[in-house]
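**Q** Generate coordinates for the sequence data below:
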Amino acid sequence: MSVRSQWPLLLLLVALTSMGPVALNILVPGVPNLVAKFETDAGTVQLTVSLFLLSLAAGQLLLGPLSDRFGRRPVVLAGVALATLASFGAMAADTIGLLVAARVVQAAGAATGVVIGRAIIRDLYDRDRAAAMLGLVTTAMVVAPMVAPLIGGILDTAFGWEAIFLFVALFSLAILVWAVLALPETRPAPAPGASATQPQKEWLALVRSRTFHAYVLITAFGGAPFFIFIGGAPYVVIDLMGSTSAVYGFWFTITSFGYMSGNFLVSRFSGRYGVRAMTGWGLWVQFAGALLFIATLSIWEHNVTMFFLPQIMMSFGNGLMLPNAIAGAISAHPQAAGAASGITGFVQMTIGAIGAQAISHALAGSTTALPVPIAMMTVLVISLLAYFSLPRDS
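**A** Residues are numbered from 1 along each chain as shown. Model prediction:
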């Protein structure tokens with residue numbers, strides 16, 4: 001693609017990628033009102049978030065292979081249309097059961113943008129250039145969680161929880177129209193004489209690839225420190241350190257700029273130094289950040305600033321590592337890029353969810369925040385072992 005023609009498509013992919021994070025996080029401020037609205041308990045309402053995440057992860061496993069079989073464009077359009085209809089359905093729900101069901105369907109459709117957006121990038125660019133483009137597109141995964149809760153809180157306060165779903169529905173509908181008008185089909189054409197079973201053969205070759213396995217593990221465990229942090233930081237900052245949610249929100253936004261800085265460097269240098277090298281650099285920066293984390297907490301046990309400063313370094317390393325590791329995974333067998341993207345996303349979200357849940361249990365009853373960097377160090381060691389297992393030519 002020419003430089004001039006690539007930016008409109010990249011902006012569309014950013015919008016597609018943001019659908020899942022926006023739909024997930026925009027509802028969080030409205031959860032307390034949902035408890036009163038549907039006369040139920042907080043645990044039941046929490047299913048609108050937890051089952052959304054589960055559906056978002058599982059949907060990637062299905063949608064990736066479907067895009068390999070039927071093409072990127074029809075699956076994207078069907079998924080976005082499904083998310084749009086589910087958003088309107090959620091707005092009209094009159095029981096908590098219907099709302100939860102609508103959220104599950106909404107997430108399955110929204111998963112389209114995450115999984116197929118990565119596959120489209122791999123269709124259009126070679127591996128190193130794909131990492132650079134992913135660095136730009138995945139910034140939406142950080143910006144959306146920063147902005148969406150603010151929008152959700154304003155809508156819920158001013159108009160009620162239904163306005164949140166109306167906003168998401170109109171947002172999804174706008175992306176659907178944009179995709180209908182501008183999204184090309186990018187899936188590589190089947191080789192002449194290829195059989196109807198060719199996609200299955202490509203998928204089988206993918207799951208046998210040692211390079212693919214290594215990059216998936218790097219992505220999942222190298223990205224897990226972020227999930228561990230968001231799972232443990234609110235408890236540490238508010239309960240252990242006695243600060244406020246506003247202070248937490250401020251510092252969390254600051255750490256996000258570390259990730260975006262790493263993404264920016266990826267967009268500039270992955271083509272020069274390669275996916276493997278930059279993946280390793282990102283992991284080692286995170287590892288150094290975890291060591292710094294342990295050191296600062298050992299000295300300043302209840303200092304909020306010193307709790308967040310090492311996380312900025314770790315977020316920067318994560319921003320360096322993640323787009324490159326994803327590019328490595330979906331490039332292991334380019335003919336099955338959709339399936340590779342789906343498996344990678346599913347494993348990444350599953351490991352992240354386990355990490356977030358595990359740190360909440362580790363911090364229960366703890367008087368120190370040290371379980372957070374120790375858990376981060378543990379998953380990074382696993383990720384580094386996976387990195388060292390990469391074949392020489394990967």
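**Q** Between the two ends of stretch 32-45, what distance do you get?
**A** 8 Å (C-alpha to C-alpha, to the nearest Å).
**Q** now Met377, what's its secondary structure?
**A** Three-state call for Met377 (DSSP: H, G, I helix; E, B strand; the rest coil): helix.
**Q** ah, wrong one, I meant Leu390
**A** Going by three-state DSSP: Leu390 is coil.
**Q** What are the neighbouring residues in contact with it?
**A** Contacts for Leu390 (C-beta atoms under 8 Å, 6 or more residues apart in numbering) come out as Thr211, Ala214, Tyr215, Arg276. Every residue, glycine included, has its C-beta placed from N, CA and C.
**Q** Can you give me the neighbour number for the last one?
**A** In other words, Arg276. The local packing of Arg276 (other C-beta atoms under 10 Å) involves 20 other residues.
**Q** any idea of the pLDDT on it?
**A** Arg276 is assigned 89 on the pLDDT scale.
**Q** What strand or helix carries it?
**A** In the assignment (DSSP states H and E), Arg276 maps to helix 275-299.
**Q** do the first one as well
**A** Assignment of secondary structure by DSSP H and E places Thr211 within helix 210-234.
**Q** For the strand or helix carrying Gly97, list every residue counted as buried.
**A** Under the criterion of DSSP H and E, Gly97 resides in helix 96-124. Going by neighbour count (16 or more other C-beta atoms under 10 Å), the buried part of helix 96-124 is 96, 99-124.
**Q** Isn't Arg276 up against Gly328?
**A** Yes - with contact defined as C-beta atoms under 8 Å, Arg276 counts as touching Gly328 (7.0 Å).
**Q** what's the lowest-mean-pLDDT helix or strand in the chain packed up against?
**A** Counting by mean pLDDT, DSSP states H and E, the chain has its least confident helix or strand at helix 198-207, which shows a mean of 71. Applying 3 or more C-beta pairs under 8 Å, 6 or more residues apart in numbering; DSSP states H and E, we find helix 198-207 packed against helix 42-70, helix 337-363.
**Q** ok, 10 Å please
**A** Applying 3 or more C-beta pairs under 10 Å, 6 or more residues apart in numbering; DSSP states H and E, one finds that helix 198-207 makes contact with helix 42-70, helix 210-234, helix 337-363.
**Q** Minimum distance to Thr305: which of those has it?
**A** helix 210-234 (13.2 Å; C-beta to C-beta).
**Q** Quick check: which helices or strands does the next helix or strand after that closest one pack against?
**A** Using DSSP H and E, the next helix or strand after helix 210-234 towards the C-terminus is helix 245-273. If you count contacts as 3+ C-beta pairs under 10 Å, 6+ apart, helix 245-273 packs onto helix 127-137, helix 140-159, helix 210-234, helix 275-299, helix 304-330.
**Q** One more pass at 6 Å, please.
**A** Other elements packing on helix 245-273 under the criterion 3 or more C-beta pairs under 6 Å, 6 or more residues apart in numbering; DSSP states H and E are helix 127-137, helix 140-159, helix 304-330.
**Q** need the contacts of Leu390 in a markdown table with distance to Ile230, can you?
**A** As requested, the contacts of Leu390 are exported to a markdown table (distance: C-beta to C-beta, whole Å):
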| residue | distance to Ile230 |
| --- | --- |
| Thr211 | 30 |
| Ala214 | 26 |
| Tyr215 | 23 |
| Arg276 | 28 |
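**Q** So which of those residues wins on neighbours?
**A** Tyr215 (30 neighbours).
**Q** if I pick that residue, what's in contact with it?
**A** Shown in contact with Tyr215 (C-beta atoms under 6 Å, 6 or more residues apart in numbering): Ala325, Gly328, Ala329.
**Q** Between the contacts of Leu390, which sits nearest Gln311?
**A** Closest approach between those and Gln311, by C-beta to C-beta: Tyr215, at 24.5 Å.
**Q** quick one: that closest one and Arg268, what's the gap?
**A** Applying C-beta to C-beta, to the nearest Å, one obtains 21 Å for the distance of Tyr215 from Arg268.
**Q** Pro149 and Ala358, how far apart?
**A** Using C-beta to C-beta, Pro149 is found at 24 Å from Ala358.
**Q** give me the number of residues near the residue nearest to Phe287 when sequence neighbours are not counted?
**A** For Phe287, ignoring the flanking residues on the chain, the nearest one in space by C-beta to C-beta, 6 or more residues apart in numbering is Leu380 at 5.2 Å. Here the number of neighbours of Leu380 (other C-beta under 10 Å) works out to 25.
**Q** Going by neighbour count, which residues in the helix or strand encompassing Leu380 are buried?
**A** In this structure, Leu380 sits in helix 371-388 according to DSSP H and E. Neighbour-count burial for helix 371-388 flags 371-380, 382-384, 386-387 (criterion: 16+ other C-beta under 10 Å).
**Q** chain center to that helix, what's the gap?
**A** Here helix 371-388 is found 19 Å from its chain centre; the criterion is C-alpha atoms, centre = their mean, to the nearest Å.
**Q** How about stretch 73-92?
**A** On C-alpha atoms, centre = their mean, the centre of stretch 73-92 falls 19 Å from the chain's centre.
**Q** try stretch 137-152
**A** How far stretch 137-152 lies from its chain's middle: 11 Å, per C-alpha atoms, centre = their mean.
**Q** With stretch 104-121 instead?
**A** How far stretch 104-121 lies from its chain's middle: 11 Å, per C-alpha atoms, centre = their mean.
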